[in-house]
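Engineer: Build the 3D model from these lines:
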Amino acid sequence: MKSFLLGLVVVLTGLTTTLWPTTTKAYGGTGHAAFCEAAYQLAAPATQKKIDAMVAQHPDYDSFGALCSWADHIKSDDKWDWAKPHHYVNFPHERAKVTAEDCPVQGGCILSAIQHHYDVLKHNSTDWMALAFLAHFIGDLHQPLHVSFADDLGGNRASVKYFDQPTNLHRLWDTDMLVQRGGDSGVQQAEQLVRGAISLSPLAVTPAQTLSWANESAAITRRIYSQYRENQELGEDYTAQWGPVLEQRIQQGAQRLAAVLDGLYK
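Structural biologist: Residues are numbered from 1 along each chain as shown. A predicted model of the protein is given here:
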């Protein structure tokens, strides 16, 4: 199974008063499309009908997979600046895990944003913006470098070379490995993911559940940084080592998103 991941990552690495550059994206467009398309295919038929109805409310998107990049597309519009910290959560280097205290009360982070938009959908099941935010942020949460360290901007300052091309850890995990592994079609990648995935029982979003998912990413992030050296040259060996991890995270996230939406709509 090829990795479609992480162009998708938005990725969401804990909020502090320092914001990431607006160029930071989660998994990239292809990754988010694959993530949400896989979730759509894993969702119950009744859930799919609800999703279709909400996608139809937006004239610029023709599928759930496309709508899942909306939260990145609006970053260039100043009126949405309040949502930028919601793509990530940061935690200190000296700690192994994220805690609820890492999510600022003012401004929030990906943890509080997921809970907020889930609660909005519970009370207004036809709110397409809440759906788009929720799906995007759950995708970001499963990209490890969206749960990372503020001083490195979630890997954006961690320079590396990947197949002789300059990049950074965040872009490497969001996009570069995806492209290298043939992830240029979100729909095709979603089909591959679904072949190896099962539908989960309906899930409810709770702070404890979201924090648990964040700490899965945090553990991977710490492993990534344990191997990182500035300007190191990476290639086939790195892709072979971490590609399966990308696939697992995307598949896990898609299964969970489908289960959350089934819980709301089934």
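Engineer: C-alpha from now on. contacts and neighbour counts both.
Structural biologist: Fine.
Engineer: which residue sits closest to Arg171 in space, ignoring its chain neighbours?
Structural biologist: Nearest in space to Arg171, with sequence neighbours left out and distances taken as Cα to Cα, 6 or more residues apart in numbering, is Asn156 at 7.1 Å.
Engineer: ranges for the strands of this protein?
Structural biologist: Shown for the chain, the strands assigned by DSSP state E span residues 12-13, 88-90, 147-148, 159-162, 165-168, 232-234.
Engineer: most packed of these?
Structural biologist: strand 12-13 (a mean of 34; mean count of other Cα atoms under 10 Å).
Engineer: State the distance from Thr221 to Ala132.
Structural biologist: From Thr221 across to Ala132, the span is 26 Å (Cα to Cα, to the nearest Å).
Engineer: now swap in Ser69 and tell me
Structural biologist: Ser69 is 8 Å from Ala132, where distance means Cα to Cα.
Engineer: go on, Glu247?
Structural biologist: Counting by Cα to Cα, the separation of Glu247 from Ala132 is 22 Å.
Engineer: Can you mark which positions in the longest helix along the chain are buried?
Structural biologist: Under DSSP state H, the helix in the chain containing the largest number of residues is helix 236-265. Neighbour counts over helix 236-265 (16 or more other Cα atoms under 10 Å) mark 239, 242-243, 245-265 as buried.
Engineer: picking up where we left off before, could you export the strands of the chain as a markdown table, including mean pLDDT and distance to Lys97?
Structural biologist: Output for the strands of the chain, formatted as a markdown table (pLDDT from 0 to 100; distance: least, Cα to Cα, whole Å):
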| stretch | mean pLDDT | distance to Lys97 |
| --- | --- | --- |
| strand 12-13 | 31 | 13 |
| strand 88-90 | 97 | 10 |
| strand 147-148 | 96 | 10 |
| strand 159-162 | 96 | 24 |
| strand 165-168 | 96 | 23 |
| strand 232-234 | 96 | 26 |
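Engineer: now the ones you listed as JSON lines including distance to Tyr118?
Structural biologist: Formatted as JSON lines, the strands of the chain follow (distance: least, Cα to Cα, whole Å):
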{"stretch": "strand 12-13", "distance to Tyr118": "17"}
{"stretch": "strand 88-90", "distance to Tyr118": "17"}
{"stretch": "strand 147-148", "distance to Tyr118": "20"}
{"stretch": "strand 159-162", "distance to Tyr118": "36"}
{"stretch": "strand 165-168", "distance to Tyr118": "32"}
{"stretch": "strand 232-234", "distance to Tyr118": "39"}
